[in-house]
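[1] Pasted the sequence and its predicted model underneath.
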There are 2 protein chains.
Amino acid sequence: MVPAGSDPSAAVCQGADVTAPDLDVVTRIDELRALLDRVRASGRRVGFVPTMGYLHEGHLSLMRAARAADEVVAVSIFVNPLQFAPQEDLASYPRDLERDLALCTSVGVEVVFAPPVEEMYPQPIATTVSVAGVSERMEGAARPTHFAGVATVVAKLFGIVGPCRAYFGEKDYQQLAVVRRMAADLSLPVEVVGCPIVREPDGLAMSSRNVYLDPEERAVAPVLHRALLEGASVVQAGERDGEVVAARMAEVITAEPLCRLDYAEVVDAATLQPCRRLVGEVRLLVAARLGTPRLLDNLGVRVPEG
Amino acid sequence: MVPAGSDPSAAVCQGADVTAPDLDVVTRIDELRALLDRVRASGRRVGFVPTMGYLHEGHLSLMRAARAADEVVAVSIFVNPLQFAPQEDLASYPRDLERDLALCTSVGVEVVFAPPVEEMYPQPIATTVSVAGVSERMEGAARPTHFAGVATVVAKLFGIVGPCRAYFGEKDYQQLAVVRRMAADLSLPVEVVGCPIVREPDGLAMSSRNVYLDPEERAVAPVLHRALLEGASVVQAGERDGEVVAARMAEVITAEPLCRLDYAEVVDAATLQPCRRLVGEVRLLVAARLGTPRLLDNLGVRVPEG
């Protein structure tokens, strides 16, 4: 742990000021488990925010939500190799632990779990957690092994962290659905909480991968959000055919020469299955490549009745 | 719960006699979780014995091991549909809950978790936990979906039961290896304990499926154990070629006309990979069909040095 001698479980037991505690940086699984067991044994609840680091306002919003609801907030920072395919950007994924720790401290996080890869995977992992259905379309089609990698590491992190509320951004909406389903199917003692997307002033959804955008691409990037707003306004105007709405979103994106559309979809908000006839809560999702990075965005729409 | 008002967590907190407590029969996931959380909050450890019921001395030996090591013993009785293939014996699998409860009481079990299928799987389960390597040969080859069904239900049971020691018989040796690997890979807060096979006086390994044997088949069934003893004696006599030892075991079984050999294997005790040159701890495993049922048996051998 860094700094030595700091113990958030002891601090909260003693009723110390929890809004600006020392930050404990834990790298070992058994140490984190013991620390959080002490927290729970003292009657305090754990809020958990799993991340891959390179934190931005989206992550901080999750930490603030945990801070507001739970007595002790733990953040994991782990770039999980399992969820990257061989040709993807594992090696170049942006990392800045010192900056991340300062950001965690700034929002009152008590515990950061930043394990080395050898601690999480001391031997090649043989176990895979996979979720059928919600994993299969959209990102699952574009990145066939991605969600199994996500579900496996999240199951493991939940096993380490223990009973908690766990906060995930709606930015990765399909990931949120995969994690929710996994936690429910396996009866894990974790309440999964989804939190709203945080956007730049021009509408671009915050993402660690936005740093890959060059200035010209960055200027174009809000087109994903504009496509979603156009889709939502078409629904509000009375359109009830999901394919028509999806086609309208696709038009907005393909009109931008720098963008290569991957998908534009209108799905049931819970099952993520495409809905032809729109009713209830639906989700609009788009993905497009802008230069190197793939950008994702999505928006919830409550379909007006009648 | 049955009987109403009984609460093993309260009983153990108050230092009541834990060798013959009332038996709590819990059918709901949230109820079991709350009960065992209270047990742990009082500083008592939980021993957990997952079973499919129709209990025999093998199961009772697991419960006695838990009874000796842990303050509160919980047994699950659940015939898990996920681990049966469509053509297998799910519908006819032997069940006798009243007798099982009496047996649990007789060895001092405090809690039985006997959920209906709808409680464990309120919707078709979309999540699968699979373990590569140790799952793939022998039983995994004979029953391709079996170990994923086992790993999934055990992961779920571990999620429900929470931190515990969990006891499994070595009778299903490959299952034990799958569960050990899954718990390690996912960092589950569970210590997996393997316990020795319990045998009938004539050497037949106890199994709920032995009730399927007719008298003639039952008389022949100890041939599996005899084959293992023959294999072990060949190793003790100096044979170091795993294939030669396996062939000798196969001969013993195929010499019995009622038996159809499925496999005879000599594998590394930890990895379950076949070992040609025998060294260290090895495991001899056999499987054969006798009439309808498939029978399994295995034996550990420490290869003499030099």
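    Alright, I've got the coordinates.

[2] out of all of them, which helix in chain A is the longest?
    helix A:146-161 (DSSP state H).

[3] ok, which stretches of the stretch 51-200 of chain A are strands?
    A:72-77, A:111-113, A:127-131, A:164-169, A:190-195 (DSSP state E, counting those that start in this stretch).

[4] in the last one, what counts as buried?
    Of the residues in strand A:190-195, those buried by neighbour count under the rule 16 or more other C-beta atoms under 10 Å in any protein chain shown are A:190, A:192-195. To be clear about C-beta, it is placed using only N, CA and C from the backbone, and glycine gets the same treatment.

[5] Just the C-alphas of stretch A:213-230, formatted as CSV.
    Presented in CSV, the C-alpha positions along stretch A:213-230 are these (Å, rounded to 0.1, in the frame of the first residue of the first chain):
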residue,chain,number,x,y,z
LEU,A,213,-8.3,11.9,-32.7
ASP,A,214,-6.3,14.4,-34.6
PRO,A,215,-7.7,18.0,-34.7
GLU,A,216,-9.6,17.5,-37.9
GLU,A,217,-11.1,14.2,-36.7
ARG,A,218,-11.9,15.8,-33.3
ALA,A,219,-13.8,18.6,-35.0
VAL,A,220,-15.9,16.0,-36.9
ALA,A,221,-16.5,13.6,-33.9
PRO,A,222,-19.7,15.2,-32.5
VAL,A,223,-21.4,13.9,-35.7
LEU,A,224,-22.2,10.7,-33.7
HIS,A,225,-24.1,12.7,-31.1
ARG,A,226,-25.9,14.7,-33.8
ALA,A,227,-27.0,11.5,-35.5
LEU,A,228,-28.5,10.3,-32.2
LEU,A,229,-30.3,13.6,-31.6
GLU,A,230,-31.7,13.4,-35.2
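
[6] Let me see the mean pLDDT of that stretch.
    Stretch A:213-230 comes out with an average pLDDT of 97.

[7] Also stretch A:85-97?
    Averaged across stretch A:85-97, pLDDT comes to 94.

[8] Give me the contact list for it.
    For stretch A:85-97, contacts defined as C-beta atoms under 8 Å, 6 or more residues apart in numbering or on different chains pick out A:52-54, A:77, A:79, A:81, A:84, A:114, A:143-146, A:208-209, A:211.

[9] Kindly check the end-to-end length of it for me.
    23 Å (C-alpha to C-alpha, to the nearest Å).

[10] List the buried residues of it.
    A:Tyr93.

[11] where does the stretch 151-300 of chain A dip in pLDDT?
    Within the stretch 151-300 of chain A, no stretch has pLDDT under 70.

[12] Enumerate the residues of it near chain B.
    A:151-152, A:155-156, A:159-160, A:162-163, A:181-182, A:185-189 (C-beta under 8 Å from any C-beta of the partner chain).

[13] re earlier: for B:Val279, which of the strands of the stretch 51-200 of chain A is the nearest?
    strand A:127-131 (27.4 Å; C-beta to C-beta).

[14] helices or strands next to the closest one in the packing?
    helix A:146-161, helix A:173-185, strand B:127-131, helix B:173-185 (3 or more C-beta pairs under 8 Å, 6 or more residues apart in numbering or on different chains; DSSP states H and E).

[15] State the mean pLDDT of it.
    Per-residue scores along strand A:127-131 average to 98.

[16] Tell me the gap between it and the middle of its chain.
    Averaging C-alpha positions (C-alpha atoms, centre = their mean, to the nearest Å) puts strand A:127-131 18 Å from its chain's average.

[17] Output it in CSV with nothing but the alpha carbons.
    Output of strand A:127-131 as CSV, limited to C-alpha atoms (Å, rounded to 0.1, in the frame of the first residue of the first chain):
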residue,chain,number,x,y,z
THR,A,127,-11.8,-19.7,-17.2
THR,A,128,-14.1,-17.7,-19.5
VAL,A,129,-17.3,-16.0,-18.5
SER,A,130,-19.5,-15.4,-21.6
VAL,A,131,-23.0,-13.9,-21.9
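
[18] contact partners of it?
    With C-beta under 8 Å, 6+ apart as the test, strand A:127-131 has contacts from A:147-148, A:151-152, A:155, A:178, A:181-182, A:185-186, B:126-132, B:151, B:155, B:181-182, B:185-186.

[19] Right, I'll call it a day here.
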